[in-house]
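In: the following comprises the amino acid sequence and a computationally predicted model.
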Amino acid sequence: MFLIRTLHHPTLRNLLAGIGIALASTGHANDAIPIRIAYPQALNGQIPLVLDKSGIAKSHGLDAWYTFFQNGPPMMEALAAGSVDVVVSSYQPFAVFISRQPGKATPVANLGHASYSLLTPKEAKENSLADLKGKRIALSFGSDSHLDLLRSIRKFGLDPASDFKLLHMAPNELNLALNQGFADAAVIRQPQARRLEREFGLRNVQTWPHYFLVIASSEFLARQPTAKERLLDALRETVVYITRNEDRAAEWFGERLRLSPAIIKELSAQNPLFKDVKNADDVHIEFDAAYRQSINDWLAASFENGLIKNRVEPLKEQEDNQ
């Protein structure tokens, strides 16, 4: 028991990682927690994929099984059905989920952010969102980018319904909307946005941060009270692994997304989570008060802009430590 408890101490954890002693997996060998993790075809999927490929989860007493999804909504459906225990997603899928099933999911960590961008064809003359008034903008309705686009339009004093024609398309169809002239602009997330900029010369008119969120089934956390701590430790170690093995991590994820590892590596470096990381103590993924307020602001805006039908009660402080 002494061994199992002390393995969670940050200093000892870093020491063991540094000298390559696999004591963590030994300490948890007899009480490994089964955990089903879902992640998407976007940059927030890199950390869980490396968690899988590196075998780090096992060293923290997690018997992990992984599922890869194209985007957030089907992952949240799997969470609702009890088919997965943990989802790596973003703000809006979580907002939709808890607006329909209050208390059934709990945010447990943040994984930094990437971005999504409003792109136009290279020959377009518009230089801002306001310049696109009266134009067709393709996007995925109900996504994080949908809410950010609506809020940005209103900041210009414009009406999303009357001043623009917003076209709903699946994420993998957005590039076709531009290339085949179905839309005058499209909101596309990374890493696809960077690939399209390079391959087709698309112009980046505006960019928003795309925040990453780790969500767990509240029932799973109650059933497995040590799972959250183990998962957070495993995620921290994975971030350290990526910073120390950038080429390998980019190659793994680039292969999964069928994208150049160079693009993955470039965009990963822009995630503030990876900056100035030397060991696990430098990785701050905790769902703290500032992050909780950020999500509460998002939940309110999602209701006010009509992306969720029911107002969600703000997350409270005690939920940080479930």
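Out: Sure thing, it's come through. Just so you know, these numbers come straight off a predicted model, no measurement behind them.
In: roughly how far apart are residue 175 and residue 81?
Out: Going from residue 175 to residue 81 by C-beta to C-beta, to the nearest Å gives 31 Å. Just so you know, the C-beta spots here come from the backbone N, C-alpha and C atoms, and that holds for glycine as well.
In: do the same with residue 265
Out: 35 Å.
In: sorry, back to before: neighbour count winner among residue 175 and residue 81?
Out: Comparing residue 175 with residue 81 by other C-beta atoms under 10 Å, the one with more neighbours is residue 175, at 21 against 8.
In: nearest residue to that one in space, please, no chain neighbours.
Out: If you skip the residues right next to it in sequence, residue 175 has residue 196 as its closest partner in space, 5.5 Å away by C-beta to C-beta, 6 or more residues apart in numbering.
In: tell me which residues in the helix or strand harbouring that neighbour are buried?
Out: In this assignment (DSSP states H and E), residue 196 forms part of helix 192-200. With burial defined by 16 or more other C-beta atoms under 10 Å, the residues of helix 192-200 counted as buried are 192-197.
In: now do stretch 124-133
Out: For stretch 124-133, the neighbour count (16+ other C-beta under 10 Å) marks 124, 126, 129-130, 132 as buried.
In: just the closest of these to residue 53, please.
Out: Proximity to residue 53 was ranked across the buried residues of stretch 124-133 by C-beta to C-beta; first place goes to residue 129, at 38.6 Å.
In: and that closest one, how far from residue 250?
Out: From residue 129 to residue 250 the distance is 31 Å (C-beta to C-beta).
In: could you do residue 211 as well?
Out: Between residue 211 and residue 250 the computed distance is 21 Å (C-beta to C-beta).
In: which of the two has more neighbours?
Out: It is residue 250, of residue 211 and residue 250, that has more neighbours when counted by other C-beta under 10 Å, with 24 against 21.
In: got the buried residues for the helix or strand the more buried one falls within?
Out: Per DSSP H and E: residue 250 is located in helix 246-257. Residues of helix 246-257 classed as buried by neighbour count (16+ other C-beta under 10 Å): 246, 249-254, 256-257.
In: where does the chain have low pLDDT?
Out: When residues are selected by pLDDT under 70, those of the chain lie in 1-30, 317-322.
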